[in-house]
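Asker: generate a structure from the sequence data that follows.
(one chain, ligands or ions: 2)
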Amino acid sequence: MKMAVEEVELPLIDISGYLNPRKPGDKEAVVQQVRDAARQYGFFQVKGHGIPLSLQRDLLRCMDNVFNLPKEQKMKMSFLDNPCRRGYEASGMSHREGDALPDAKECFFVGRDDPVVELSGIYGPNIWPDLPESDFRGPVSSYYQQTNELGKSLWAILLEGLDQPAETVAKFSKRPIVPMKMIRYPPSSNVAKGQFGIGAHTDFGGVTILFQQPSKDGLEVWHDSREEWIDVPALEDIYIINCGDMIQRWSGGAYKSARHRVINKVNGERLSCATFWHGDVHATNPLKPDDPSNETIGQLLAKRFGNQYSFSKELMADVQAAA
Ligand SMILES: O=C(O)CCC(=O)C(=O)O
Ligand SMILES: [Fe+2]
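Answerer: Ligands and ions are numbered 1, 2, ... in the order given. As a prediction, the model looks like this:
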């Protein structure tokens, strides 16, 4: 393993100047910092994001509540039995190429809560654990809404950084696909040698909004030109934002989709929650509106998850037929 000569830190950007500008130039300053970070790292830390600390703490409590349910109760909510891949994923169920062992993490997925299943489960209802409203569904739903809004604002900032009007985001946010994944990593002492909390990967799509349990370090981001992993601290009220493969592709490589992984560094469990803001299923690259060969978000999604889920052929047919 290569030793770092000097510690590199991801840029920390206060985006409140964009969300609530007080004077001329506030928005532009944020756009510029985000553009630089997305170009250089594909990842950055964010404060001034507007998500209340009390809601973040509620979310942690809800994650504890669902993951502490008995194993049989969790397995009854298995995402493999759910038409929309919502619900529980047990430890050891996802395996990344090149890794000796499957990921140690367990997850719980929610998404847009639509009443009926559509498009092979791209849209549809969530599954909720049998817990009082205030111990899961209520706070999780509010948190989901808030990160949804934040995702849209971040997209607007990223688009402005590519000399697009912020309104361009409206072209692909009528009914955006926004899966949210709550994650629990086992204590480092329970993880086998060679096993990662989550193995090295890039995120598939648009903007990822990552919440980490304060002081539970573990995330590492690959820095291409330095050829080393950068440690990302888990700090209270600081979000980690990154660009997925679709953004890298759409921006012609201007913004990076960086590889990252999690090795739980602490002795206790580590909680995190990632919201993946992709966009409308039939939307194409808003930066090249006239390119007829552009794939839709739904097609890219079906392709990427082709080898992971059996439903994917059906999904591909559905997104094609409806396009
Ligand atoms: O838990 C984390 O800190 C990162 C999770 C992640 O990279 C993912 O779910 O794609
Ligand atoms: Fe990721």
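Asker: use CA for all of it now, contacts and neighbours both
Answerer: Fine.
Asker: show me what contacts the residue lying closest to G111 once chain neighbours are set aside?
Answerer: In space, and not counting its chain neighbours, G111 is closest to P179: 4.6 Å by CA to CA, 6 or more residues apart in numbering. Counting by CA atoms under 8 Å, 6 or more residues apart in numbering, P179 touches F109, V110, G111, R112, T275, F276, W277.
Asker: can you tell me the SS state at the first one?
Answerer: Reducing the assignment to helix, strand or coil with DSSP: H, G, I helix; E, B strand; the rest coil, the entry for F109 is strand.
Asker: ok, it to L159 distance?
Answerer: Going from F109 to L159 by CA to CA, to the nearest Å gives 28 Å.
Asker: one more: the fifth one?
Answerer: As judged by CA to CA, T275 and L159 stand 19 Å apart.
Asker: neighbour count winner among the two?
Answerer: Using other CA atoms under 10 Å, the more surrounded residue of T275 and L159 is T275, with 25 against 21.
Asker: element containing the more buried one?
Answerer: Following DSSP states H and E, one finds T275 within strand 270-277.
Asker: which other helices and strands does the helix or strand just after that strand contact?
Answerer: Sequence order places helix 297-304 as the next helix or strand after strand 270-277, per DSSP H and E. Secondary-structure packing of helix 297-304 (3 or more CA pairs under 8 Å, 6 or more residues apart in numbering; DSSP states H and E): helix 312-322.
Asker: 10 Å instead, please
Answerer: Using 3 or more CA pairs under 10 Å, 6 or more residues apart in numbering; DSSP states H and E, the elements in contact with helix 297-304 are helix 245-250, helix 312-322.
Asker: neighbouring contacts of the first one?
Answerer: The list of residues contacting helix 245-250 from outside it, by CA atoms under 10 Å, 6 or more residues apart in numbering, reads 38-39, 42, 155, 158, 202-207, 251-258, 278, 284-288, 294, 297, 300-301, 304.
Asker: and H201, how far from G111?
Answerer: 22 Å.
Asker: again, but for E28
Answerer: Separation of E28 from G111 (CA to CA): 32 Å.
Asker: which one's more surrounded, those two?
Answerer: Using other CA under 10 Å, the more surrounded residue of E28 and G111 is G111, with 25 against 16.
Asker: you'd agree that one is up against R86?
Answerer: Yes. Between G111 and R86 there is a contact under CA atoms under 10 Å: 7.2 Å.
Asker: overlap of the contact sets of the two?
Answerer: Shared between the contact lists of G111 and R86 (criterion: CA under 10 Å, 6+ apart) are residues G124, P125, N126, I127, P179, M180, K181.
Asker: among these, which ones are buried?
Answerer: Buried members of those, scored by 16 or more other CA atoms under 10 Å, are G124, P125, N126, I127, P179, M180, K181.
Asker: quick one: which of the residues you listed sit in helices?
Answerer: With helices taken from DSSP state H, there is no overlap with the buried ones among the shared contacts of G111 and R86.
Asker: turn the residues you listed into a markdown table, including distance to G92 and pLDDT.
Answerer: Formatted as a markdown table, the buried ones among the shared contacts of G111 and R86 follow (distance: CA to CA, whole Å; pLDDT from 0 to 100):
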| residue | distance to G92 | pLDDT |
| --- | --- | --- |
| G124 | 26 | 96 |
| P125 | 25 | 97 |
| N126 | 23 | 98 |
| I127 | 21 | 98 |
| P179 | 20 | 96 |
| M180 | 19 | 98 |
| K181 | 16 | 98 |
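Asker: and of these, the nearest to ligand 1?
Answerer: Using CA to the nearest ligand atom, K181 comes nearest to ligand 1 of these, at 6.7 Å.
Asker: what parts of this structure come near ligand 1?
Answerer: Listed as neighbours of ligand 1 in the chain under the rule CA under 6 Å from any ligand atom: D203, L219, V262, S272, A274.
Asker: farthest pair in these?
Answerer: Spanning the widest gap among those are D203 and S272, at 15.3 Å by CA to CA.
Asker: before we move on, back to that, just the buried ones from the contacts of helix 245-250, in PyMOL syntax?
Answerer: Buried residues within these, by 16+ other CA under 10 Å, are selected in PyMOL with:
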select buried, resi 38+39+42+155+158+202+203+204+205+206+207+251+254+255+256+257+258+278+284+285+286+297+300+301
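Asker: give me every residue that touches L69.
Answerer: Going by CA under 10 Å, 6+ apart, L69 touches M75, P129, D130, L131.
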